[in-house]
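Peer 1: Structure for the following, please:
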Amino acid sequence: MCVSLRLMLEDDLSIPSMPESISPTWLTMMLRRAGVLDRAAVVSIDVMPVAGGSGFVGQTARLQVAYDTRETGAPPTVFAKLSSADPAVRQQLRKVGLYETEAGFYRDVALQPAFPLRVPRPYLTQYDEGTSASILLLEDLRAVEFGDNLTGCSATDARIAVRQLGLLHAYFWESASLKELSWLRALTDETQARAGMYQAMLPRFEQRCAEFLTPGLREAARRFASVVPEYSQQCSHGPQTLTHGDFRADNLAFAGTSNGRGVTVFDWQVARRSRGPRDLAYFLSGSMSVEQRRAMEESLLSVYYETLKTGGVEGYSPRDLRRDFQAGLGAPLTTWVIASGMLDFSSERGADLLKQLWERLGAALDDHQFMSYLDDLA
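Peer 2: Sure, this is the predicted structure:
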């Protein structure tokens, strides 16, 4: 089971401020409450920060754990994901609910018996509503192949990912249970914050990405700034489901299973209640080369649509899917304008990734006549 601990009064059980603050006593208590440990106790922890996992959004580390005795099921490593150590940053991110959303997902959704996707097993979800501090202790994924946005997905892995996306969306399609989750937002719940962040980051995005922005891509980004409220309204009506919000190769891990090759999906900080094809557009426009997407797009749309039908979705036509896919391209546009202006992509890989993402997205916007969609929306 997963442990959900809100405001803990005992000092020794409070949320650690950084991975290095996690003590053997604290970790022993958490793993015992999670049902992972019985008699064994943690005697030492080797903290290994995960490259690229700290900074503005939060702190991530792999904890290598030593115990005082052998015990079946005691994890040799644990993945720790903490909120930013900066209180000001935590309060800023509170506006978009990053920490609360991911804690809520692992607490209320991930462990549902029929949940259709493989996700890292959560040992602990802890979120403090007063300070926005949080910590997740998750299964450390081993013997897997992590996806890479820079190289993109293979044809096989793209089909696997799209099918899993269809399973997720079909499972929660028009589910009344989603509205009972207080942490799960619709886009209209954050229209003002989203529009404000987008407009604030747009000039910085244009400056940082000027060398590889086409005139059409720049115009689409500017035009979208004027219709964010209308876009949020549109995506919060019609068929609603649980969307991942950041469904891309970097957040997928592939491995062989008894049923063939499978995928584990992680990083649920921006899960939302919205139209499912937003996730599909996000994935196809960013996790495949332009040539590969163009060659496979029709077949992948068919895989997704047939998976929805097999999952019991009715009254949703191929035309509906294409309309929602076109609109869904606003999801990566929003994310990458904000991220380009806000986050640090100065490393060699970061610069290459940003260039490829915008080239891929620009091609998808052109291919699907996104400017025409914006004209209709306005």
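
Peer 1: what about the nearest residue to Ala378 once chain neighbours are set aside, distance to Arg39?
Peer 2: Once flanking residues are discounted, Ala378 sits nearest to Val227: 5.4 Å by CB to CB, 6 or more residues apart in numbering. In short, each C-beta sits where N, CA and C put it, glycine included. Counting by CB to CB, to the nearest Å, the gap from Val227 to Arg39 is 60 Å.

Peer 1: got it, and Asp267?
Peer 2: Using CB to CB, we find Asp267 at a distance of 34 Å from Arg39.

Peer 1: So which of the two has more stuff around it?
Peer 2: Asp267 (19 against 11; other CB atoms under 10 Å).

Peer 1: Confirm that one sits in a strand?
Peer 2: No - remark: Asp267 does not belong to a strand; assigned using DSSP: H, G, I helix; E, B strand; the rest coil, it is coil.

Peer 1: wait, the residue nearest to Ala378 sits on Asp375?
Peer 2: No - in this structure, Val227 is not within contact of Asp375 by CB atoms under 8 Å, at 9.6 Å.

Peer 1: For the lengthiest strand in the chain, list every residue counted as buried.
Peer 2: The single longest strand within the chain, with elements called by DSSP state E, is strand 58-67. In terms of neighbour count (16 or more other CB atoms under 10 Å), strand 58-67 has its buried residues at 58-63, 65, 67.

Peer 1: can I assume Ala114 is in contact with Tyr171?
Peer 2: Yes - with contact defined as CB under 8 Å, Ala114 reaches Tyr171; the gap is 7.2 Å.

Peer 1: Comparing these two, which shows the higher neighbour count?
Peer 2: With neighbours defined as other CB under 10 Å, Ala114 and Tyr171 compare such that Tyr171 has more, 18 against 5.

Peer 1: which residues sit against the longest strand of the chain?
Peer 2: With contact meaning CB atoms under 8 Å, 6 or more residues apart in numbering, strand 58-67 is reached by 18-19, 22, 27, 37, 40-50, 53-54, 74-85, 98-99, 140.

Peer 1: Skip ahead from it and say which helix or strand is next.
Peer 2: Next along the chain after strand 58-67, taking DSSP states H and E as the criterion, comes strand 77-83.

Peer 1: Can you spell out which helices and strands pack onto that following strand?
Peer 2: Strand 77-83 sits against strand 58-67, strand 134-139, with contacts defined as 3 or more CB pairs under 8 Å, 6 or more residues apart in numbering; DSSP states H and E.

Peer 1: now that strand, how far from the centre of its chain.
Peer 2: Relative to its chain's centre, strand 77-83 lies at 16 Å (CA atoms, centre = their mean, to the nearest Å).
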